[in-house]
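>>> Sequence plus predicted model, see below.
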Amino acid sequence: MNPVVAIAGPPGSGKTALMTALAGHLHSALLFMDAFEAPALSLSGGDLAGWLSAGARFDDFVIPGLSEALAALRAGQPATEPLSGRRIAPAPLVLFEMPLGRAWPPTAAMIDLLIWLDTPADIALARNVIAWEKETPPPPRAWLVQYMQDYLAQTRAALGAQAATVAPGADLRLDGSAPPDAMAAQVVATLRQRGLVE
């Protein structure tokens, strides 16, 4: 079985940047949770508040096809991301962008190393806003204002629940404000120390 390294953290924590940096050092297959349709992970307003008040259970989420894709890559078989149609060729190492870490039962047992990115909330939020402004076309100002209102009202609490649930199960915690190459060097050293890569 190919080892699986899962990277978790809030939006804007640097998960994709770290995965890209690691892929430059290690022959790996990259699997992104965001490439799978997961309506429950897009909760807003009252739905998000209801989820929080019901206990913020991450195992309630349904993400069709994600565990099957990870199992295929782990077994050395190709997989396909449903939203993009991107075919993922197998590789000796699987890098798995998984904000839910081991808190999501269908993939928990397949994760050999879980990394949590400790990124200050202000940095993560600023990164998201910058990324949205770079979109073509950028989102309307009214959307951004609504997002910020939702962030203050519920999203911030949901991200706190994510950190409280996912981070304690991490095998390695990194400073998400560090340069991606510096974080990648730490990960590569840990993987070699654990015998997961040569």
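Noted; the coordinates are in hand.
>>> Run through the residues that contact the closest residue to residue 58 other than its chain neighbours.
Across the structure, with Cβ to Cβ, 6 or more residues apart in numbering as the measure, the residue nearest residue 58 apart from its sequence neighbours is residue 103 (4.1 Å). Quick note: C-beta positions are derived from backbone N, CA and C, even for glycine. Taking Cβ atoms under 8 Å, 6 or more residues apart in numbering, we find residue 103 in contact with 58, 59, 165, 166, 169.
>>> how about a cut-off of 10 Å?
The contact partners of residue 103, by Cβ atoms under 10 Å, 6 or more residues apart in numbering, come to 8, 56-59, 61, 114, 161-162, 164-169.
>>> Just name the closest of those to residue 133, please.
Taking Cβ to Cβ as the measure, residue 133 lies nearest residue 162 of these, at 24.4 Å.
>>> Relative to the whole chain's centre, how far out is stretch 101-109?
On the basis of Cα atoms, centre = their mean, to the nearest Å, stretch 101-109 sits 12 Å off its chain's mean C-alpha point.
>>> Name the residues of that stretch that are buried.
Buried positions in stretch 101-109, judged by neighbour count with 16 or more other Cβ atoms under 10 Å: 101, 102, 103, 104, 106, 107, 108.
>>> So what's the predicted local confidence for the residue lying closest to residue 120 once chain neighbours are set aside?
In space, not counting the residues next to it along the chain, residue 120 is nearest to residue 177; the distance is 6.4 Å by Cβ to Cβ, 6+ apart. According to the model's per-residue confidence, residue 177 sits at a pLDDT of 96.
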